[in-house]
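Student: Quick one, what's the 3D model for this:
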Amino acid sequence: MENFTFQCGTKIIFGKGTEKQVGEETRRFSKKVLLHYGTGSIKKSGLYHTVVESLKRSGVSFTELPGVVPNPRIGLVREGVKTCRENGIDFILAVGGGSVIDSAKAIAAGFYHDGDAWDFFSKKIPIEKALPIGTILTIPAAGSEASPSVVITNEADKSKLSANSNLLRPVFSILNPELTLTLPKFQVACGISDMMAHVIERYFTNTKSVDLTDKLCEATLRSIIKNARLALSDPDNYDYRAELMWASTVAHNGLLGTGRAEDWASHRIEHELSALYDVAHGAGLAVIVPAWMKYVYRHDVKRFAQFARNVWDVSSDSDEKAALEGIGCLRTFFRDIGLPATLKELGIGGEKIGEMAGRCVHRGHIGNFVKLGEKDVAEIYRIALA
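Tutor: Got it, this is the predicted structure:
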C-alpha cells in the first residue's frame, strides 16, 4: 500500500425531503449566490420552486445562470465567472447532475483567476483559490458532488479536459433519491456505467497489498450491479435508488483509491468520443471500458480473474478463462441495462480513430495500470468498433 492523504470535506445531507434544507445550509456560507442549473428540468419537476422558496426563507438572494448541457462548455463557464464578479456573488449553488456541478466548479476556480478559466485545463495551472460550492444532486453518476475533479469541454476546438483540486469539493451536497425517480431509463443506465467506471479505474492497479480497498471496490460494484437491475425493473422503488445514489458518491469521493495507484486511461479515451461526437459519457464508457480490458488484461491476468470471481461470481479454475469471462460479463451487463456495446451503436465509425488517439496522448502516455501510447489507444478504439 502507498502513502496517502484522504480528505473529503463535503457534508452529505441524504434522504427524503432534504432539498428543503438548502436555504439553511447555504446561509451558513453566503447571502448572495449564483443559482446554476441545466435546461429546465428542475422547473418541470418542481424542484426549482422548492429551492427558491427555501433560499428566500433563509434570506439568501440569488442570480440565476441556467443552460448547462451534458459535457458542460467553457463558454458558459466564462459567462458564469463574469456574472459572479459583476454581481458580488461569493457562493455557487449547483442544482442538477454532474455536468451542472462541474460547470459550477470551473466557475468557482475561474472567479479568482486573472486569465481564462480554460487555463486550468489546457495549461494545467494549479487552482489556488475557489469560491465555495453547494449542490443538490439530481442524477447519480459523475460523483462530482463530493469529488475534487472537474471536466469541461471547449466547444471551439472540441477538447474535453479535466482539472483537480480539493478546493473544488463542494462544502455540502444534498442527496435525495426521490429526485431521481422520474429519470429516463437511458439516463439511469448511463449513470450506472459512469459510477462503475469510477470504481474500475481504481480497482485495476499495480499497487500491492491493497486488500481492504480491493474488497471495498468489489462490494461497491456488486451493490451497483444488484440495485441497477432492481431499479430498472422497479423504477419507483426509493430504496433501490438510494443505494445507487450513495454508491455513486462513494465511487468517486476518493475513498476507494486510497493507498493505490489509479489508472484513468478509459476515461481519457472516452473523453475524445464525448468531445468530438457529443455522446453521453456513460454510454461511451460502456463501450470503452470493456475494450480497454480486452486490450490490457494479460498485463495482470490474476487481477482480472479476481475481478471476475469476486464481482461476477465466475467459477472457472483457469485464470485466463475467468478473466475473459469477467470482461464478457461486464459487456453483457451494460447491454442488458440498455447501453451500447460498440462504437458503431453510438454512430461512430473508424474514420477518426487516428485523430482521437493522437489527441488522447498529446501530452504523453496515459494510464498507470498499463502505460498507453498512440498505437495502443488506436487499437482500443478498433476493438470497440464492433
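Student: what about the helices in the stretch 151-300 of the chain?
Tutor: 185-203, 211-233, 238-252, 265-277, 281-296 (DSSP state H, counting those that start in this stretch).
Student: Looks to me like Ile13 is in a helix.
Tutor: No. Ile13 is assigned strand when assessed by DSSP: H, G, I helix; E, B strand; the rest coil, not a helix.
Student: Please name the residues that touch the residue lying closest to it once chain neighbours are set aside.
Tutor: Counting by CB to CB, 6 or more residues apart in numbering, Ile174 is the residue found nearest to Ile13 once chain neighbours are left out, at 4.8 Å. Glycine gets a C-beta too; all of them are placed from N, C-alpha and C. By CB atoms under 8 Å, 6 or more residues apart in numbering, the contact set of Ile174 is 13, 18-19, 21-22, 25, 134-137.
Student: quick one: which of those residues is nearest to Thr50?
Tutor: Closest approach to Thr50 among the contacts of Ile174 (CB to CB): Glu19, at 5.6 Å.
Student: Quick check, Tyr299 in contact with Lys371.
Tutor: One thing to correct before we go on: residue 299 is His, not Tyr. No. Counting by CB atoms under 8 Å, His299 sits too far from Lys371 to count as a contact (10.1 Å).
Student: Got the domain ranges for this structure?
Tutor: 11-179, 181-385 (automatic domain parsing).
Student: Output those in a markdown table, with distance to Phe4 and mean pLDDT appended to each entry.
Tutor: Converted to a markdown table, the domains of the chain look like this (distance: least, CB to CB, whole Å; pLDDT from 0 to 100):
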| stretch | distance to Phe4 | mean pLDDT |
| --- | --- | --- |
| domain 11-179 | 13 | 97 |
| domain 181-385 | 5 | 98 |
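Student: residues near the nearest residue in space to Arg85 that is not next to it in sequence, how many?
Tutor: Nearest non-adjacent residue to Arg85, counting by CB to CB, 6+ apart: Phe111, 6.8 Å away. Using other CB atoms under 10 Å, Phe111 is surrounded by 20 other residues.
Student: circling back: which among the helices of the stretch 151-300 of the chain is found nearest to Asp119?
Tutor: Distance to Asp119, taken as CB to CB, is lowest for helix 265-277 among the helices of the stretch 151-300 of the chain, at 18.2 Å.
Student: what about the closest one, distance to the chain center?
Tutor: Taking CA atoms, centre = their mean, to the nearest Å, one finds helix 265-277 lying 13 Å from the centre of the chain it belongs to.
Student: ditto for stretch 345-357
Tutor: Mean C-alpha position of stretch 345-357 versus that of the full chain (CA atoms, centre = their mean) differs by 23 Å.
Student: Can you give me the first-to-last residue distance of that stretch?
Tutor: End-to-end distance for stretch 345-357, by CA to CA, to the nearest Å: 20 Å.
Student: and that stretch, which residues are buried?
Tutor: Neighbour-count burial for stretch 345-357, counted by 16 or more other CB atoms under 10 Å, picks out 346, 348, 352-353, 356-357.
Student: before we move on, the earlier item: which one, of the domains of the chain, ends up nearest to Asn3?
Tutor: Closest approach to Asn3 among the domains of the chain is made by domain 181-385 (7.7 Å; CB to CB).
Student: Compute the first-to-last residue distance for that closest one.
Tutor: Termini of domain 181-385 sit 33 Å apart (CA to CA).
Student: From the chain's centroid, how far away is that domain?
Tutor: Centroid separation for domain 181-385 versus its chain: 12 Å, with CA atoms, centre = their mean.
Student: which ones are touching Tyr238?
Tutor: If you count contacts by CB under 8 Å, 6+ apart, Tyr238 has them with 16, 177-178, 181.
Student: Kindly recompute the last result at 6 Å.
Tutor: Pro177 (CB atoms under 6 Å, 6 or more residues apart in numbering).
Student: For Glu155, see how far away it is.
Tutor: Tyr238 sits 38 Å away from Glu155, going by CB to CB, to the nearest Å.
Student: Equivalent analysis for Asp263, please.
Tutor: 28 Å.
Student: And the two? Which one has more around it.
Tutor: Per other CB under 10 Å, whichever of Asp263 and Glu155 has more neighbours is Asp263, with 24 against 13.
Student: Just the strands from this protein, written as ranges.
Tutor: If you assign secondary structure with DSSP state E, the strands in the chain sit at 11-14, 32-36, 61-65, 92-96, 133-137, 149-154, 159-164, 172-175.
Student: any idea which residue sits dead centre in the protein?
Tutor: Nearest residue to the geometric centre of the chain (CA atoms, centre = their mean): Ala142, 2.4 Å.
Student: Could you double-check that it sits in contact with Ser99?
Tutor: No. Counting by CB atoms under 6 Å, Ala142 does not reach Ser99; the two are 7.6 Å apart.
Student: can I assume Pro148 is in contact with Ala163?
Tutor: No. Between Pro148 and Ala163 there is no contact under CB under 6 Å: 9.2 Å.
Student: what about Val314, how many residues close to it?
Tutor: 18.
Student: Now it. Nearest residue, chain neighbours left out?
Tutor: Ala308 (3.9 Å).
Student: residues near the one you found, how many?
Tutor: Other residues lying near Ala308 total 25 when counted by other CB under 10 Å.
Student: Could you double-check that it sits in contact with Ala322?
Tutor: Yes. With contact defined as CB under 6 Å, Ala308 counts as touching Ala322 (4.4 Å).
Student: So for these two, which residues contact both of them?
Tutor: Val314.
Student: what separates the closest residue to Ile327 other than its chain neighbours from Val150, distance-wise?
Tutor: Using CB to CB, 6+ apart and skipping residues adjacent in sequence, the residue nearest Ile327 is Met293, 4.6 Å away. Here Met293 is placed at a distance of 26 Å from Val150 (CB to CB).
Student: And these two? Which one has more around it.
Tutor: When Met293 and Val150 are compared for neighbours, Val150 comes out ahead with 29 against 23, by other CB under 10 Å.
Student: Might one say that that one is in contact with Lys105?
Tutor: Yes. At 4.0 Å, Val150 and Lys105 qualify as touching, with contact defined as CB under 6 Å.
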